[in-house]
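In: model this:
(4 chains)
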4 protein chains.
Amino acid sequence: MSVAQPKENQYAGSLLLKQLVIAWLERRGVTLEDIARLVYEVQQKYIRNLTMAACRESVERVLEKREVQNAVFTGIAIDELAEKGQLAEPLATMLRNDDGLYGIDEVMALSIVNIYGSIGFTNFGYLDKVKPGIIGVVNSKKNEKVNTFLDDLVAAIAAAASSRLAHRDRDGLLK
Amino acid sequence: MSVAQPKENQYAGSLLLKQLVIAWLERRGVTLEDIARLVYEVQQKYIRNLTMAACRESVERVLEKREVQNAVFTGIAIDELAEKGQLAEPLATMLRNDDGLYGIDEVMALSIVNIYGSIGFTNFGYLDKVKPGIIGVVNSKKNEKVNTFLDDLVAAIAAAASSRLAHRDRDGLLK
Amino acid sequence: MSVAQPKENQYAGSLLLKQLVIAWLERRGVTLEDIARLVYEVQQKYIRNLTMAACRESVERVLEKREVQNAVFTGIAIDELAEKGQLAEPLATMLRNDDGLYGIDEVMALSIVNIYGSIGFTNFGYLDKVKPGIIGVVNSKKNEKVNTFLDDLVAAIAAAASSRLAHRDRDGLLK
Amino acid sequence: MSVAQPKENQYAGSLLLKQLVIAWLERRGVTLEDIARLVYEVQQKYIRNLTMAACRESVERVLEKREVQNAVFTGIAIDELAEKGQLAEPLATMLRNDDGLYGIDEVMALSIVNIYGSIGFTNFGYLDKVKPGIIGVVNSKKNEKVNTFLDDLVAAIAAAASSRLAHRDRDGLLK
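Out: Residues are numbered from 1 along each chain as shown, chains lettered A, B, ... in the order given. Predicted structure coming up:
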């Protein structure tokens, strides 16, 4: 959709939507703490005295952005529909197998990273390849569950929160 | 997914997938001819002696790209699941209303445009705003159907096919 | 560059950099007021009681983002170097002629639009095609000056400021 | 620029431009062979019997794309202008220091990766972070030279050539 007339919407506020996003992620086995730990791992060598609290707060701010919320809702919905067998072929097979040539999960993830600028691309790619922490856990469950979108979404949120910290550090906004 | 080991896949070839894409688009009321007409409208003032046949052929080539196929399958699947009421809230409401702040449809569309280079962004934006031809038709059906992704996908395919023609014209590859 | 160790930098703060960005744009003949007018034109039909002051304020916030600042500095620098004949071939000719197949200007512009989410793509494409207000003025000077990047940058800033207003309107943050 | 009227251009053909791109890369210390080796490293575990010849051929095909050529010309031109002290502040300092918050190099690199679809994002990020082979060499020369754009461009070309191979392998087009 283009920037159109806002319509009546019972889910209007981005803060309310944030709570829903956190609930959806937890339903799929990912907590704020898990993502904050990825941010800490990526950024601790660049920011002196970085705390887990600052990482967690950065993840929370990222999850207040509507673009991020929409990507999470859409990606997790697709994973769950694939799991329940409600997707038509050939999509169903691609998602169940996490097909190496299916890249819509990365496309959606990049839309999250973009919001905090292109310096996050590198961290996203690295997290998506090396799969540390919760990303590896989510990925290893791919036999029982469809997590095709979830691992990319989590890597993207962590990369975005890392970029956000880097910008704030430069501006002297981290205590 | 990253560039991973290709798995056994009954839908392996991109030419076979192309036929499925065309069938999915037709099921939603969009023909190759409709999209070719958009390409003709956009490009006729730039390419001397442009024919509808060349436009149609360009649309066909675009639909052979796996990234394009995956975007079409995913976007139309979401539209149809929304239509059948199989999406959870808050996603269901956003898609049914084509919420002005939901931009995942544009994100997916851009991934199509990108394949033929950034010169297509402008044409995509223009088509998405002005909604000529089939895009307007698809859009006007939004009361009966959920076409939140479809109109952006069609604009993106037309913009990509236009960029492709512009590149080939420069290289002297259009007869 | 990846998210690396911040180095000593005399231009550290993003607020100081914003003043420089405004000065660079004015040197190329574009004022905040010009861009605010584009925002007003694009958004007035969607936001009730939209004021020019709100549009101008939104443009100012966009210009505080480092990603935006970097795109403006880089794009205008290239335009000016092309104008002074300091670019090597084949780049010099492409930029002087605003070559239809050169899309790096759009690539850089999209990185601005992305920061406020994908709902801005459509407005960017529309502004870039229709060229209202200052964009048309900048574009018409292409005989005397090289404005290959400038017109896309201005369209992108206006599209980003429009998206920002749309998000804030939904959140009830516009008075 | 949008998809506009092609103008007279002495550098018209994309094959001629490819030779220029190769010359520009070599001038900056990067050969086709160097990039092919990165592709081999990234893809050998996914494609049985992958040869260096196939990797090199894939890099060559990537360099025939105008979007790729334009990104290389623009990025290397900026690196060289920064090296010669011909860029204005604050851009000069950012580029000389490869400022961690300057992301236009990644933006340009992504426009290369995009052409072969989003499955290349992960490989790009990985190469940009781990800096194997020639990327590490280019990066280590940053005291004497400005290679702010060059390392990202090389990583992007390698990631794009890898994606291209993955797609062709699936389609049975690799012998």
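In: buried residues in the lowest-mean-pLDDT helix or strand in chain A, which are they?
Out: Between all helices and strands in chain A, the lowest mean by mean pLDDT, DSSP states H and E belongs to helix A:120-130, at a mean of 90. For helix A:120-130, burial by neighbour count (16 or more other Cβ atoms under 10 Å in any protein chain shown) applies to A:120-129. For glycine as for every other residue, the C-beta is placed from the backbone atoms N, C-alpha and C.
In: same check, this time on stretch A:62-75
Out: Buried-residue list, stretch A:62-75, by 16+ other Cβ under 10 Å: A:62-63, A:65-75.
In: near chain D at all, that stretch?
Out: No. Applying Cβ under 8 Å from any Cβ of the partner chain, one finds stretch A:62-75 out of contact with chain D, separated by at least 13.3 Å.
In: go on, stretch A:88-98?
Out: No. Using Cβ under 8 Å from any Cβ, we find that stretch A:88-98 stays clear of chain D, coming within 11.5 Å at best.
In: with stretch A:109-118 instead?
Out: Yes. Using Cβ under 8 Å from any Cβ, stretch A:109-118 reaches chain D at A:109-110, A:117-118.
In: chain center to that stretch: distance?
Out: Distance of stretch A:109-118 from the chain centroid (Cα atoms, centre = their mean, to the nearest Å) equals 10 Å.
In: what mean pLDDT does that stretch have?
Out: When pLDDT is averaged over stretch A:109-118, the result is 91.
In: right, is it up against chain C?
Out: Yes. Using Cβ under 8 Å from any Cβ, stretch A:109-118 reaches chain C at A:111, A:114-118.
In: repeat that for stretch A:30-42.
Out: Yes. Using Cβ under 8 Å from any Cβ as the criterion, contacts between stretch A:30-42 and chain C involve A:Val42.
In: distance from the chain centre to that stretch, please.
Out: Distance, centroid of stretch A:30-42 to centroid of chain: 11 Å (Cα atoms, centre = their mean).
In: stretch A:102-110 now?
Out: On Cα atoms, centre = their mean, the centre of stretch A:102-110 falls 11 Å from that of its chain.
In: same question, stretch A:129-147
Out: 13 Å.
In: and the contacts of that stretch?
Out: The contact list for stretch A:129-147 (Cβ atoms under 8 Å, 6 or more residues apart in numbering or on different chains) reads A:28-30, A:34-35, A:37-38, A:41, A:79-80, A:82-83, A:95-96, A:98, A:127-128, A:148, A:150-151, A:154-155, B:2, D:122-123, D:125-126.
In: in helices only, show me those residues.
Out: Among those, DSSP state H puts A:34-35, A:37-38, A:41, A:79-80, A:82-83, A:95-96, A:127-128, A:150-151, A:154-155, D:122-123, D:125-126 in helices.
In: count of neighbours near A:Glu33?
Out: Residues contacting A:Glu33 under the criterion other Cβ atoms under 10 Å in any protein chain shown number 12.
In: distance check, the residue nearest to it when sequence neighbours are not counted against A:Arg170.
Out: Leaving aside its sequence neighbours, A:Glu33 sits nearest to A:Arg56 (Cβ to Cβ, 6 or more residues apart in numbering or on different chains; 6.9 Å). Look at A:Arg56 and A:Arg170: by Cβ to Cβ, to the nearest Å, they are 20 Å apart.
In: ok, now which ones touch the residue of chain A found nearest chain D?
Out: Minimum separation of chain A from chain D (Cβ to the nearest Cβ) falls at A:Gly125, amounting to 1.0 Å. Counting by Cβ under 8 Å, 6+ apart, A:Gly125 makes contact with D:121-129.
In: now with 10 Å?
Out: Contacts for A:Gly125 (Cβ atoms under 10 Å, 6 or more residues apart in numbering or on different chains) come out as A:106, A:113, A:155, A:159, B:2, C:2, D:113, D:120-130, D:155, D:159.
In: please report how far it lies from B:Lys145.
Out: A:Gly125 is 38 Å from B:Lys145, by Cβ to Cβ.
In: coming back round to it: any idea how far A:Ile119 is from the residue nearest to A:Glu33?
Out: 21 Å.
In: sorry, back to before: closest to chain C out of the buried residues of helix A:120-130?
Out: Closest to chain C, out of all of these and judged by Cβ to the nearest Cβ, is A:Thr122, at 3.8 Å.
In: would you confirm that that closest one contacts D:Asp128?
Out: Yes. The criterion here is Cβ atoms under 10 Å, and A:Thr122 meets it with D:Asp128 at 4.5 Å.
In: return the distance of stretch A:138-158 from the chain's centre.
Out: 10 Å.
In: buried residues, that stretch. List them.
Out: A:138-139, A:146-158.
In: from the residues you listed, which one has the minimum pLDDT?
Out: Among the buried residues of stretch A:138-158, A:Asn139 has the lowest pLDDT, at 90.
In: could you check the angle whatever helix or strand it lives in makes with helix A:120-130?
Out: Using DSSP states H and E, A:Asn139 falls within helix A:133-140. Interaxial angle, helix A:133-140 versus helix A:120-130 (axes from the mean of the first three to the mean of the last three Cα atoms, to 10 degrees): 50 degrees.
In: may I have the helix or strand that contains A:Ala53 exported as PDB, CA atoms only?
Out: Using DSSP H and E, A:Ala53 falls within helix A:52-62. In PDB, the C-alpha atoms belonging to helix A:52-62 read as follows (Å, rounded to 0.1, in the frame of the first residue of the first chain):
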ATOM      1  CA  MET A  52      22.800  -6.200  28.600                       C
ATOM      2  CA  ALA A  53      20.200  -3.700  29.800                       C
ATOM      3  CA  ALA A  54      21.200  -1.300  27.000                       C
ATOM      4  CA  CYS A  55      21.000  -4.100  24.500                       C
ATOM      5  CA  ARG A  56      17.600  -5.200  25.700                       C
ATOM      6  CA  GLU A  57      16.300  -1.600  25.600                       C
ATOM      7  CA  SER A  58      17.600  -1.300  22.000                       C
ATOM      8  CA  VAL A  59      15.700  -4.400  21.000                       C
ATOM      9  CA  GLU A  60      12.600  -3.000  22.600                       C
ATOM     10  CA  ARG A  61      12.900   0.300  20.700                       C
ATOM     11  CA  VAL A  62      13.300  -1.700  17.400                       C
END
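In: OK, contacts around A:Gly75?
Out: A:24, A:28, A:104-105, A:108-109, A:112, A:147-154, A:156, B:104.
In: which non-adjacent residue is nearest it?
Out: A:Phe149 (3.2 Å).
In: which among the residues of stretch A:109-118 next to chain C end up buried?
Out: Buried, going by 16+ other Cβ under 10 Å: A:111, A:114-118, out of those.
In: now tabulate the residues you listed in a markdown table and tack on secondary structure.
Out: Conversion of those to a markdown table gives the following (DSSP: H, G, I helix; E, B strand; the rest coil):
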| residue | secondary structure |
| --- | --- |
| A:Ser111 | helix |
| A:Asn114 | helix |
| A:Ile115 | helix |
| A:Tyr116 | helix |
| A:Gly117 | coil |
| A:Ser118 | coil |
